[in-house]
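Engineer: quick one, what's the 3D model for this:
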Amino acid sequence: MKLINEWHRGFKEGNMDLIAQPLHKDHRRVTYPRSLGKPEQTREEWLAQLASVFKGLTDYDVSYTQTLLPPI
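Structural biologist: Take a look at the predicted model:
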């Protein structure tokens, strides 16, 4: 359970060290269906892609729109 909680915390915080820690050194990421033609990714390639996704998510400011409708 500790491993799962730490991995979850890594995703929540965008902490690549926590995400990488439990992955095997020979980890491969395969995208299905194979007919998409995406190549397998090594551990390092997948972590780099994931880091770029996290960076993209943090580059935007979050805002909200308040509704003017009365509560139902």
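
Engineer: show residues contacting whichever helix in the chain runs longest.
Structural biologist: Looking across the chain with DSSP state H, the single longest helix is helix 43-58. Residues outside helix 43-58 that contact it (C-beta atoms under 8 Å, 6 or more residues apart in numbering): G14, M16, I19, A20, L23, H24, K25, D26, H27, R28, R29, Q41. Where C-beta positions appear, they are placed from N, C-alpha and C, glycine not excepted.

Engineer: kindly report the same for stretch 22-31.
Structural biologist: Applying C-beta under 8 Å, 6+ apart, the set of residues contacting stretch 22-31 is L3, E6, W7, K38, E40, Q41, T42, R43, E45, W46, L47.

Engineer: now the buried members of these.
Structural biologist: With neighbours counted using 16 or more other C-beta atoms under 10 Å, these contain these buried positions: W7, Q41, W46, L47.

Engineer: for the residues you listed, which one is nearest P33?
Structural biologist: Q41 (15.9 Å; C-beta to C-beta).
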